[in-house]
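Q: build me a structure from this.
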Amino acid sequence: YDFVSPEAPSRSLDGLLASAKCLGKQAYICVSRRPNEVEAFEAAVARAALAPEVVYRGTLEDAYKEGVGECLVYSFDFSASGGVGGGRGATEALPEVVPQAAEGGEVVITGSAAPQPAAC
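A: Numbering: from 1, shown residues only. As a prediction, the model looks like this:
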C-alpha cells in the first residue's frame, strides 16, 4: 500500500500501469477517493505518459460507513501503443509477486522490480 503520495513514485502503481499496457489493449482501473490516492494514481499515469479518460464517477450514500466517498473509473486504450501482440508475450513471466501478511491482517505485496513499459 504505497500509493498515497503523488510526490513519490509508487512501485505498485507503476507496475499496475506497466502490466496493463504490456498485456492488454484496453483497461478499466477503479481508484477510490481516499486521501491522496487519486492524486498519486494520476501522478503515476503522468510518469507513464498515458492519457486515460475518466468514464465513471460514483459516490456512496454513507462514506463514513463504507470508508470511501467516491470512486473513479479510468479507461485506458493501449491499442495504438503496444498491448496484446505488441507487448510482453503470454509465456513470459511477470516479476515474482509474493503476498505477505502484515500487521492488522492486511496483505502486503512484495516482489522484484515492477516491469517497465519499455520492456514490452
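
Q: so where's the chain shaky on pLDDT?
A: 1-4, 81-120 (pLDDT under 70).

Q: if we use 80, what do you get?
A: Along the chain, segments meeting pLDDT under 80 span 1-5, 35, 60-67, 80-120.

Q: tell me where it has helices.
A: 11-23, 37-47, 63-66 (DSSP state H).

Q: count the residues that sit near Asp14.
A: For Asp14, the count of nearby residues is 19 (other Cβ atoms under 10 Å). Heads up, the C-betas are built off the backbone N, CA and C, glycines and all.

Q: how near is it to Val73?
A: Distance of Asp14 to Val73, given as Cβ to Cβ, to the nearest Å: 20 Å.

Q: ok so, going back, can I get the helices of the chain in JSON lines with distance to Ala80?
A: As requested, these are arranged in JSON lines below (distance: least, Cβ to Cβ, whole Å):
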{"stretch": "helix 11-23", "distance to Ala80": "11"}
{"stretch": "helix 37-47", "distance to Ala80": "16"}
{"stretch": "helix 63-66", "distance to Ala80": "37"}
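
Q: which of those helices is buried the deepest?
A: Highest mean neighbour count of those: helix 11-23, a mean of 21 (counted as mean count of other Cβ atoms under 10 Å).

Q: Glu70 contacts Thr59, doesn't it?
A: Yes - at 5.0 Å, Glu70 counts as touching Thr59 under the criterion of Cβ atoms under 8 Å.

Q: who has more neighbours, these two?
A: Glu70 (14 against 11).

Q: skipping adjacent residues, who's closest to that one in space?
A: For Glu70, ignoring the flanking residues on the chain, the nearest one in space by Cβ to Cβ, 6 or more residues apart in numbering is Arg33 at 3.7 Å.

Q: ok, that neighbour touching Val73?
A: No - contact criterion Cβ under 8 Å: Arg33 and Val73 do not qualify, at 11.8 Å.
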